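Novice: this is the structure alone, sequence omitted:
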């Protein structure tokens, strides 16, 4: 459902009157100009005035840079059903959606001051003072927007002005935290800090530099900030020297031995390297001939997240090649693993989220299923289960996963193929 921005006051006028007349202490009466804040983003956690969770992504105003300046709400059928069944104060369906948006936005804007850094310590070289003319909550929102653009996954902790982040580079995971602090020493000021916890240092530096350049372009950093140079070549774009087949064969044999180690960190490192090698098209046939497919399939039922993620990424890479795809499909365990992955998608998916899984794992499972192409139906015993898993994938909060759902729609004729836009 789409509505132009000039319709906002028409919706909010009766809403504001109804809110003002309520005695419920949870009800809110807010000025209309709150909804004209240009920094609205997609709303992830909405609750109604009875404290019940509403469907995700109810309503948001398009952020600057979107193709159109509109309001979106949806999916309409799910929202309408929820509206009819849930006790609420709103008189109309339109008021109901806006009430959820106001509640969420008010919670964000009424957040307390950013905390002080513990012990006064701030990560050197990876921090910047924020502009005193802008609110820290605005910077927090812009940071999330930039990290999303950089394809960084994160968990939000708005009350603490903290983001727990994960990025992926060449099969390896980079973990870091982003915080906004209040510093009182030498006069009150706000500081943003990036703190790497694990992973590639150079790629982490790229992420920090990109974020600082973005904040600087939005006038969110204090005067005197020295913009990191942006004319350096990206680490991600530096071509790697090609690995010759003979050398690759020897490397693969060593990695396969490491994958059988009794030490989990050794096994994970072996899988990460094999997954990285599988991204190079000329070497995929080498991997498929040396039994790497069996290793990847075995680790798709591994409880260790890193091992599972690398294994499913390796399979998604291998199945990009026609010959390697045939090897994967012909492997006896492939049908069992495909069924296992479909069950995981169906069992763990609720309201666009997948409990216990990182977004990257969901993306790679979906990519693997897409790359199986016409062979996928031959590996599915339970089509209804697969359809249920696909339906949940369609409503994923992750745009990449929803894109894969679009590609999988061809296997479910008679269903709605369009993927809802968040």
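Specialist: That came through fine. Quantities reported herein were computed from a predicted structural model and do not represent experimental measurements. Numbering: from 1, shown residues only.

Novice: looks like residue 222 contacts residue 127 (just checking).
Specialist: No - contact between residue 222 and residue 127 fails when scored by C-beta atoms under 8 Å: they sit 11.4 Å apart. (Glycine included, C-beta is placed from N, CA and C.)

Novice: those two: which has the busier surroundings?
Specialist: Each of residue 222 and residue 127 has its neighbours counted (other C-beta atoms under 10 Å); residue 127 has more, 18 against 15.

Novice: contacting residues around the more buried one?
Specialist: With contacts defined as C-beta atoms under 8 Å, 6 or more residues apart in numbering, the neighbours of residue 127 are 191, 192, 193, 194.

Novice: need these in CSV with pLDDT and secondary structure, can you?
Specialist: What follows is the contacts of residue 127, written out as CSV (pLDDT from 0 to 100; DSSP: H, G, I helix; E, B strand; the rest coil):
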residue, pLDDT, secondary structure
191, 96, strand
192, 96, strand
193, 96, strand
194, 97, strand
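
Novice: and of the residues you listed, the nearest to residue 373?
Specialist: Closest to residue 373 out of these is residue 194 (40.3 Å), distances taken as C-beta to C-beta.

Novice: how is this protein carved up into domains?
Specialist: The chain is divided into the following domains under automatic domain parsing: 2-109, 118-237, 245-411.

Novice: on the pLDDT front, check residue 91 for me.
Specialist: At residue 91, the model reports a pLDDT of 39.

Novice: now the strands for the stretch 251-400 of the chain?
Specialist: Residue ranges of the strands in the stretch 251-400 of the chain, as given by DSSP state E, counting those that start in this stretch, are 349-350, 353-354.

Novice: partners of the last one in the sheet?
Specialist: When pairing is defined by DSSP bridges, strand 353-354 lines up against strand 349-350 (antiparallel).

Novice: which stretch in the domains of the chain is the model least sure about?
Specialist: Ranked by mean pLDDT, these end with domain 2-109 in last place, scoring a mean of 37.

Novice: packing partners for whichever strand or helix holds residue 202?
Specialist: Per DSSP states H and E: residue 202 is located in helix 201-217. In this structure, helix 201-217 makes packing contacts with helix 136-149, strand 162-169, strand 172-183, strand 189-198, judged by 3 or more C-beta pairs under 8 Å, 6 or more residues apart in numbering; DSSP states H and E.

Novice: right, and the helix or strand after the longest one?
Specialist: Taking DSSP H and E as the definition, the helix or strand that follows helix 136-149 towards the C-terminus is strand 153-157.

Novice: tilt between that following strand and strand 172-183?
Specialist: 30 degrees (axes from the mean of the first three to the mean of the last three C-alpha atoms, to 10 degrees).

Novice: contacts for strand 153-157?
Specialist: In this structure, residues lying in contact with strand 153-157 by C-beta under 8 Å, 6+ apart are 44, 144, 147, 163, 164, 165, 166, 167, 178, 358, 359, 360.
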